[in-house]
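Peer 1: Any chance you could fold what I've pasted below:
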Amino acid sequence: MKRILLAAALLFTFILPNAAFAGPEGVYHVEGTNPGNKGSYSGTVAVERNGDTYTVAWDIGGTEYIGTGLGAANVKGTFTMGPANDDDIALAVSYISGESFGQTFYIKQEDGSWKGIWAYGGAKTIGSETWTPQ
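Peer 2: Numbers count the residues shown, from 1 in each chain. Alright, predicted model coming up:
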């Protein structure tokens, strides 16, 4: 009986709260390349639902980037954009840090990671980024 209660407690404590959000919410390890293949970087990113949008906060080498994300879900084979929801599998984010700003776009992968591309405002080349759940 104690084992059943322990299993139920673990289920309600760790699994069900996380199951409520299947979208991009969470904390990730980031690996990326700068636009024009000018070096690589790593850090963390946290994604939180904020009403109809997502708040995205990166920490890359001690520099913080803050963004607002819009999600899209695949509904019957068609991408559908709208308020943030549990079915979002694509995420577009505009971000700012100091005087730097830019745009990103990510797609959720089968392994739970998110792969994307990004560019600084006014750039002619793009970088890439992968988020791996922590």
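Peer 1: Name the residues of stretch 55-65 that are buried.
Peer 2: Of the residues in stretch 55-65, 55-56, 58, 60, 65 count as buried by neighbour count, 16 or more other Cβ atoms under 10 Å. No exception for glycine: its C-beta is placed from N, CA and C like everyone else's.
Peer 1: Look up the closest residue to residue 133, ignoring the ones flanking it.
Peer 2: residue 112 (5.3 Å; Cβ to Cβ, 6 or more residues apart in numbering).
Peer 1: Which of the residues in stretch 89-102 are classified as buried?
Peer 2: Neighbour-count burial for stretch 89-102 flags 89-93, 95, 102 (criterion: 16+ other Cβ under 10 Å).
Peer 1: Let me see the mean pLDDT of it.
Peer 2: For stretch 89-102, mean pLDDT rounds to 96.
Peer 1: outside of it, which residues touch it?
Peer 2: Applying Cβ atoms under 8 Å, 6 or more residues apart in numbering, the contact partners of stretch 89-102 are 23-24, 47, 54, 56, 58, 63-74, 79, 103-108, 114, 116, 118-121, 123.
Peer 1: if we can go back for a sec, take the buried residues of stretch 55-65 and lay them out in TSV including secondary structure, pLDDT and distance to residue 28.
Peer 2: Converted to TSV, these look like this (DSSP: H, G, I helix; E, B strand; the rest coil; pLDDT from 0 to 100; distance: Cβ to Cβ, whole Å):
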residue	secondary structure	pLDDT	distance to residue 28
55	strand	98	14
56	strand	98	10
58	strand	98	10
60	strand	97	12
65	strand	97	13
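Peer 1: Closest one of those residues to residue 127?
Peer 2: residue 60 (11.3 Å; Cβ to Cβ).
Peer 1: Give me the spatial nearest neighbour of the closest one, chain neighbours excluded.
Peer 2: residue 43 (3.9 Å).
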